[in-house]
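Structural data only, the sequence is not supplied:
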């Protein structure tokens, strides 16, 4: 097969192929146009590189047949069969700790039946936000609907598959500090009110920074491009494409992929799903992004504000509620702005609790360096059907796609806890806010209003530091009930420590500006 034929099978332009191979476009073109007279060693290198790309990413051959059917569900017997046929040798039993970090226990395939029978234990005292040493033993109960073969893992010694697990105590009860369990409790609360499904779509942003020769991260971004820029300015195009293709293998329905405002900043959006599945997916998304970026020589960071003077990374969170018939309960064609009363109550509930929710939606000291004026991140507690300066925006499309876009959430948030809190706040609004007390929409650019005008309109500001957010959270009866006393107190303890460590650290800025005083 000629170079040109391989390149076309890979669906690459000549410019993209040259970049993949690592040679100038003019040199690549000369090889493609005149293979007979090309240097044999270099020609072999080009073909090997393109063939490797084709084998990994050809759309026809690369999609994992057990993952491409997005709604596929397997029985235990089917999983045992798939594991054998696909030469799966290791299984990763994953769960998420209180801070949103993915944890895992890896077992050989010989222990699969034990795992499927909920017999795998781990030490819960070693996990942030879990239990004390004397209560250490915990069990992992795999959610078999989350079974995936991890196509991005090295398969030299056999393939690796994963389950996302729920955490249980030795007496067979769900562990009440498990973030996934806490989200499930809020889903149950929604069901009790007659709501069939809460759909959620995330828009996670991330930066790519180059690794040095020792594989250590630098602050050198992948490019100097900006919003929606394309090659050659967009140096991360290849990385995004590889990430998207890898995600598709895992069953993600990729919607868009593009360069964001900051240099080296990117966004990849995937289709919404039921809230628990979306939270599972965004955790998998973060994992894939980091692994594929590193393979290309980059660090992918979800840090909300990695660079001074550049746009921060958010994770806009789109939410709608549907009934059993599949009707979007946020839409009412006859109502003002075509938004139902239920939708307006939901919005008002989320806004009324937004300051105390900040510890969950913006959980790190760095989160509050994103929530400042001068960028697109919201800082004021308000909503609008068009205004992008508002905390909640209603995208223009109506009907089945009517949704609330919560814009302050950032990608360091634990998705299970953030959504548990948001749902609790929204349901509180639906149940308890009267029509006369609804929060009114704002059509003006809130950033241009004076402090007096903000006060007149009763528009509050989000907390400006993690310390302020913790104090708001500490006084929240709603979130203490939604998260339970265990997790509620553990979050306060962890975030107070984080603030203390940050607050007592002498920064580079202080040394540069104050050392000579």
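The structure has been received and is ready for your questions. From a predicted model like this one, the values you see are computed outputs, not experimental measurements.

where exactly do the strands run in the stretch 151-300 of the chain?
159-168, 197-211, 217-221, 254-259, 265-270, 273-274, 298-301 (DSSP state E, counting those that start in this stretch).

Indicate each strand paired with the last one and its parallel or antiparallel sense.
Paired with strand 298-301 in the same sheet, following DSSP bridges, are strand 197-211 (antiparallel).

between the strand it pairs with and strand 265-270, what angle do the directions make?
Interaxial angle, strand 197-211 versus strand 265-270 (axes from the mean of the first three to the mean of the last three CA atoms, to 10 degrees): 150 degrees.

ok, back up a step: now the strands of the stretch 151-300 of the chain as CSV including mean neighbour count?
To be clear about C-beta, it is placed using only N, CA and C from the backbone, and glycine gets the same treatment. Shown next, in CSV, are the strands of the stretch 151-300 of the chain (neighbours: other CB atoms under 10 Å):
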stretch, mean neighbour count
strand 159-168, 22
strand 197-211, 22
strand 217-221, 14
strand 254-259, 16
strand 265-270, 23
strand 273-274, 18
strand 298-301, 22
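
would you list those in JSON lines and tack on distance to residue 357?
JSON lines is the format used below for those (distance: least, CB to CB, whole Å):
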{"stretch": "strand 159-168", "distance to residue 357": "24"}
{"stretch": "strand 197-211", "distance to residue 357": "15"}
{"stretch": "strand 217-221", "distance to residue 357": "31"}
{"stretch": "strand 254-259", "distance to residue 357": "26"}
{"stretch": "strand 265-270", "distance to residue 357": "23"}
{"stretch": "strand 273-274", "distance to residue 357": "21"}
{"stretch": "strand 298-301", "distance to residue 357": "24"}
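
now residue 14: how far from residue 237?
Going from residue 14 to residue 237 by CB to CB, to the nearest Å gives 15 Å.

So which of those two has more stuff around it?
residue 237 (22 against 16; other CB atoms under 10 Å).

quick check, residue 304 in a strand?
No: assessed with DSSP: H, G, I helix; E, B strand; the rest coil, residue 304 is coil; it does not lie in a strand.

Quick one: residues contacting it.
By CB atoms under 8 Å, 6 or more residues apart in numbering, the contact set of residue 304 is 312, 313, 314, 362, 364, 366, 367, 369, 370, 410, 411, 412.

Show the model's pLDDT score for it.
Residue 304 is assigned 97 on the pLDDT scale.

what's the answer for residue 5, then?
81.

just to revisit the earlier point, got the strands of the stretch 151-300 of the chain as JSON lines, with mean pLDDT columns?
JSON lines is the format used below for the strands of the stretch 151-300 of the chain (pLDDT from 0 to 100):
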{"stretch": "strand 159-168", "mean pLDDT": "96"}
{"stretch": "strand 197-211", "mean pLDDT": "96"}
{"stretch": "strand 217-221", "mean pLDDT": "87"}
{"stretch": "strand 254-259", "mean pLDDT": "88"}
{"stretch": "strand 265-270", "mean pLDDT": "93"}
{"stretch": "strand 273-274", "mean pLDDT": "96"}
{"stretch": "strand 298-301", "mean pLDDT": "95"}
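
Which of those sits closest to residue 322?
Nearest to residue 322, of all those, is strand 197-211, at 5.0 Å by CB to CB.

Would you tell me what helix or strand residue 486 is located in?
helix 477-503 (DSSP states H and E).

The residue nearest the centre of the chain: what's it in contact with?
The chain has residue 282 as the residue nearest its centroid, 3.8 Å off, counting by CA atoms, centre = their mean. Applying CB under 8 Å, 6+ apart to residue 282 gives the contacts 202, 204, 315, 415.

at 6 Å what do you get?
202, 415 (CB atoms under 6 Å, 6 or more residues apart in numbering).

Kindly report the same for residue 459.
Applying CB under 6 Å, 6+ apart, the residues contacting residue 459 are 380, 382.

hmm, 8 Å instead?
Residue 459 neighbours (CB under 8 Å, 6+ apart): 380, 381, 382, 442, 446, 449.

Need the three-state assignment for the third one.
The local conformation at residue 382, judged by three-state DSSP, is strand.

What is the neighbour count of it?
Close neighbours of residue 382, defined as other CB under 10 Å, add up to 25.

which helices and strands does the helix holding residue 486 pack with?
Judged by 3 or more CB pairs under 8 Å, 6 or more residues apart in numbering; DSSP states H and E, helix 477-503 is in contact with helix 179-192, helix 354-361, helix 415-432, helix 466-474.

Now it: buried residues?
Neighbour-count burial for helix 477-503, counted by 16 or more other CB atoms under 10 Å, picks out 478-480, 482-484, 486-488, 490-492, 494-495, 498-499.

Out of those residues, which is nearest to residue 345?
Nearest to residue 345 among the buried residues of helix 477-503, with distances taken as CB to CB, is residue 478, at 14.9 Å.

any idea how far residue 283 is from the closest one?
25 Å.

The strands of the stretch 151-300 of the chain: which one's closest to residue 82?
Closest among the strands of the stretch 151-300 of the chain, using CB to CB: strand 159-168, at 8.3 Å.

what about that closest one, distance to the chain center?
18 Å (CA atoms, centre = their mean, to the nearest Å).

Report the inter-axis angle for that strand versus helix 179-192.
Using the same axes, to 10 degrees: strand 159-168 against helix 179-192 is 70 degrees.

Tell me which other helices or strands strand 159-168 touches.
Using 3+ CB pairs under 8 Å, 6+ apart: strand 159-168 touches strand 88-96, strand 137-149, helix 179-192.

7 Å instead, please
When contacts are defined as 3 or more CB pairs under 7 Å, 6 or more residues apart in numbering; DSSP states H and E, strand 159-168 sits against strand 88-96, strand 137-149.

Going by distance to residue 7, which of the buried residues of helix 477-503 wins?
Distances from residue 7 to the buried residues of helix 477-503, taken by CB to CB, are shortest for residue 498, at 49.2 Å.

roughly how far apart are the closest one and residue 489?
15 Å.

could you redo the helices and strands packed on strand 159-168 as a markdown table and give each row distance to residue 24 and mean pLDDT?
Shown next, in a markdown table, are the helices and strands packed on strand 159-168 (distance: least, CB to CB, whole Å; pLDDT from 0 to 100):
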| stretch | distance to residue 24 | mean pLDDT |
| --- | --- | --- |
| strand 88-96 | 41 | 96 |
| strand 137-149 | 38 | 94 |
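
ok so, going back, what mean pLDDT would you report for whichever helix or strand comes after the helix holding residue 486?
Next helix or strand after helix 477-503 toward the C-terminus (DSSP H and E): helix 508-514. Computed over helix 508-514, the mean pLDDT rounds to 94.

by contact count, what packs against the helix or strand that contains residue 112?
Using DSSP H and E, residue 112 sits in helix 112-116. On a contact count with 3+ CB pairs under 7 Å, 6+ apart, helix 112-116 meets helix 76-85, strand 88-96.

how about JSON lines for those, with distance to residue 29 and mean neighbour count added?
What follows is these, written out as JSON lines (distance: least, CB to CB, whole Å; neighbours: other CB atoms under 10 Å):
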{"stretch": "helix 76-85", "distance to residue 29": "43", "mean neighbour count": "14"}
{"stretch": "strand 88-96", "distance to residue 29": "43", "mean neighbour count": "21"}
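
Could you list the low-pLDDT ranges of the chain?
Judged against pLDDT under 70, the low-scoring parts of the chain cover residues 11, 53-72, 129-135, 225-235.

The helices and strands packed on helix 477-503: which one's closest to residue 253?
Closest among the helices and strands packed on helix 477-503, using CB to CB: helix 415-432, at 17.8 Å.

to the chain's geometric centre, what's the distance from the closest one?
Going by CA atoms, centre = their mean, where helix 415-432 is centred and where its chain is centred differ by 18 Å.

Just the buried positions in that helix, please.
415-430.

Kindly indicate which of those lies nearest residue 396.
Closest to residue 396, out of all of the buried residues of helix 415-432 and judged by CB to CB, is residue 426, at 21.3 Å.

Report how many residues lie close to the residue lying closest to that closest one once chain neighbours are set aside.
In space, and not counting its chain neighbours, residue 426 is closest to residue 346: 4.3 Å by CB to CB, 6 or more residues apart in numbering. Neighbourhood size, residue 346 [other CB under 10 Å]: 28.
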